[in-house]
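Asks: requesting a structural model of the entry that follows:
(chains A, B and C)
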Amino acid sequence: MADTAPLPAPVAPMLAAAGAPPAGPGWAFEFKWDGVRAVTAVAGDLVRAHSRRGNEVTRAYPELAELAELLDGRPALLDGEVVALDAAGRPDFGMLQHRMHVRAPARELVERIPVSYVVFDLLHLDGTPLLTEPYHRRRELLEALGLAGSRVRVPPGTAGVAGSRLLEVARAHGLEGVVGKRRSSRYEPGKRSPAWVKTALLQTQEVVVGGWTAGEGRRSRTLGALLLGAYDERGDLRYLGHVGTGFTESALRDLLDRLLPLEQRLSPFDEEVPRDEARRARWVRPALVGEVVYRVLTREGRIRHAAWRGLRADKDPGDARLYSEPS
DNA sequence: TTCCGACAGTGGGGTCGCAAT
DNA sequence: ATTGCGACCCCACTATCGGAA
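Replies: The predicted structure is shown next:
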């Protein structure tokens, strides 16, 4: 009978609000996985996965087929993250990007860049919807399933560990951050709920502004993004990419006023800026120093998920130095 | 009245696929 | 053959508006 059970209908994944890790016994914490979200329905031999926006991604990740065996015919709806693990077992979003956009990957690609499915919630089991069950109950049921395959896993619970402590563990292991979940909370499909709180580890970096691009739409009269750099140990101004968010309206006007007098014809970077980025850029003398926060450096040495924090009038351009190697 | 949550709109790094050049 | 662009993924953030408190 199990193999004729209907697939549970997919639901839109619940989202987390951003914030500091909450404290108190009402909260449980998980690691935050740097990958792509997938809600997966399983029944008998059937496995069907959907992305955050509801696109079907089953064929993109053949690794998910393992769920059918692991569940042994029991119909279920799982929530989790598809990740590509590096040699050290850490999620590497850059690697995953080579898989993300391929609808039906060749075997060669799957072998070269295998993905894993990290399951962290159970939304439906044996025909029973669990959305209204409290988080701790769903978690119990999930752990009792014992899903442990070669490409599927359920990270162990961290009951009793404070969020701030788990965040330090995440930092030590090169993970992205932590997510706190209210133990009594139900699953709220598609909602960015305060019952889930994500805390991402951030780096701060002092930067020199080497150029800017014009804004569009609402920002057509000010600037779109700043082109950033920092000095390496040899004293070369390296290119770190753009930052286009974190500005208030008044900061945008102020920055433009300061940038216009600094304009020059040539790029101030001692490193070639990719052509289509350079094409839209207006260069300035590298005199303005500011601060940004970002998540990680990409393989190209660019800051990913950066946000502007403000000018640092107290600093000289030469103070904006690249870290040798944190992480 | 004030505050908060949801939404729209701006911006980023990246890959892939297709249409225009 | 190359280039440009949008569609997807991930995301940070500001401004705005309507309803809750």
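Asks: bridged to residue A:36, which residues?
Replies: Here residue A:36 sits in beta bridges with residue A:82, as judged by DSSP bridges.
Asks: where's it relative to residue A:61, distance?
Replies: Distance from residue A:36 to residue A:61, counting by CB to CB, to the nearest Å: 9 Å. In short, each C-beta sits where N, CA and C put it, glycine included.
Asks: and the two? Which one has more around it.
Replies: residue A:61 (24 against 20; other CB atoms under 10 Å).
Asks: residues contacting the more buried one?
Replies: By CB atoms under 8 Å, 6 or more residues apart in numbering, the contact list for residue A:61 reads A:38, A:49, A:82, A:99, A:115, A:117.
Asks: how is residue A:64 assigned, secondary-structure-wise?
Replies: The three-state assignment at residue A:64 reads helix, by DSSP: H, G, I helix; E, B strand; the rest coil.
Asks: how many neighbours does it have?
Replies: Residue A:64, neighbours per other CB under 10 Å, totals 24.
Asks: isn't it right up against residue A:40?
Replies: Yes. Counting by CB atoms under 8 Å, residue A:64 touches residue A:40, with 5.9 Å between them.
Asks: next, show the common contact partners of residue A:36 and residue A:61.
Replies: Taking CB under 8 Å, 6+ apart as the criterion, residue A:36 and residue A:61 both touch residue A:82.
Asks: so if we follow the domain assignment, how does chain A break up?
Replies: A:15-32+A:156-201, A:34-154, A:203-319 (automatic domain parsing).
Asks: including distance to residue A:9, could those go into JSON lines?
Replies: As requested, the domains of chain A are arranged in JSON lines below (distance: least, CB to CB, whole Å):
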{"stretch": "domain A:15-32+A:156-201", "distance to residue A:9": "11"}
{"stretch": "domain A:34-154", "distance to residue A:9": "7"}
{"stretch": "domain A:203-319", "distance to residue A:9": "32"}
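Asks: just put those in CSV and tack on distance to DNA strand B and mean pLDDT.
Replies: As requested, the domains of chain A are exported to CSV (distance: least, CB to the nearest atom of the strand, whole Å; pLDDT from 0 to 100):
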stretch, distance to DNA strand B, mean pLDDT
domain A:15-32+A:156-201, 5, 92
domain A:34-154, 3, 94
domain A:203-319, 2, 94
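Asks: right, and those - which one's nearest residue A:8?
Replies: Judged by CB to CB, the one of the domains of chain A that comes nearest to residue A:8 is domain A:34-154, at 3.9 Å.
Asks: so what does residue A:185 have for phi and psi?
Replies: Per-residue torsions, residue A:185: phi -80, psi 150 (degrees, to the nearest 10).
Asks: quick check: it touching residue A:191?
Replies: No. Taking CB under 8 Å as the definition, residue A:185 is not a contact partner of residue A:191, at 10.9 Å.
Asks: ok, the two, which is more surrounded?
Replies: Neighbours were counted for residue A:185 and for residue A:191 using other CB under 10 Å; residue A:185 has more, 19 against 14.
Asks: who's in contact with the more buried one?
Replies: Neighbours of residue A:185 in contact, by CB under 8 Å, 6+ apart: A:134, A:135, A:193, A:195, A:196.
Asks: please enumerate the shared neighbours of residue A:64 and residue A:40.
Replies: A:47, A:49, A:117.
Asks: if you look at these, which of them are in helices?
Replies: With helices taken from DSSP state H, there is no overlap with the shared contacts of residue A:64 and residue A:40.
Asks: which members of these occur in strands, if any?
Replies: Filtering the shared contacts of residue A:64 and residue A:40 for membership in strands, criterion DSSP state E, returns A:47, A:49, A:117.
Asks: any chance of those in CSV, plus distance to residue A:292 and neighbour count?
Replies: Shown next, in CSV, are these (distance: CB to CB, whole Å; neighbours: other CB atoms under 10 Å):
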residue, distance to residue A:292, neighbour count
A:47, 41, 20
A:49, 35, 24
A:117, 33, 24
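Asks: now render these as JSON lines, adding distance to residue A:173.
Replies: Output for those, formatted as JSON lines (distance: CB to CB, whole Å):
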{"residue": "A:47", "distance to residue A:173": "30"}
{"residue": "A:49", "distance to residue A:173": "27"}
{"residue": "A:117", "distance to residue A:173": "19"}
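Asks: on that earlier part again, right, so of the domains of chain A, which gets closest to residue A:6?
Replies: Between residue A:6 and the domains of chain A, the shortest gap by CB to CB is with domain A:34-154, which sits at 6.4 Å.
Asks: measure the closest one end to end?
Replies: End-to-end distance of domain A:34-154: 15 Å, with CA to CA, to the nearest Å as the criterion.
Asks: repeat that for stretch A:5-14.
Replies: Using CA to CA, the two ends of stretch A:5-14 sit 25 Å apart.
Asks: thought residue A:109 was touching residue A:103?
Replies: No. Between residue A:109 and residue A:103 there is no contact under CB under 8 Å: 11.6 Å.
Asks: can you list contacts of stretch A:80-94?
Replies: Residues outside stretch A:80-94 that contact it (CB under 8 Å, 6+ apart): A:33-38, A:40, A:57, A:61, A:95-96, A:99, A:113-121, A:173-176, A:296, A:298-299.
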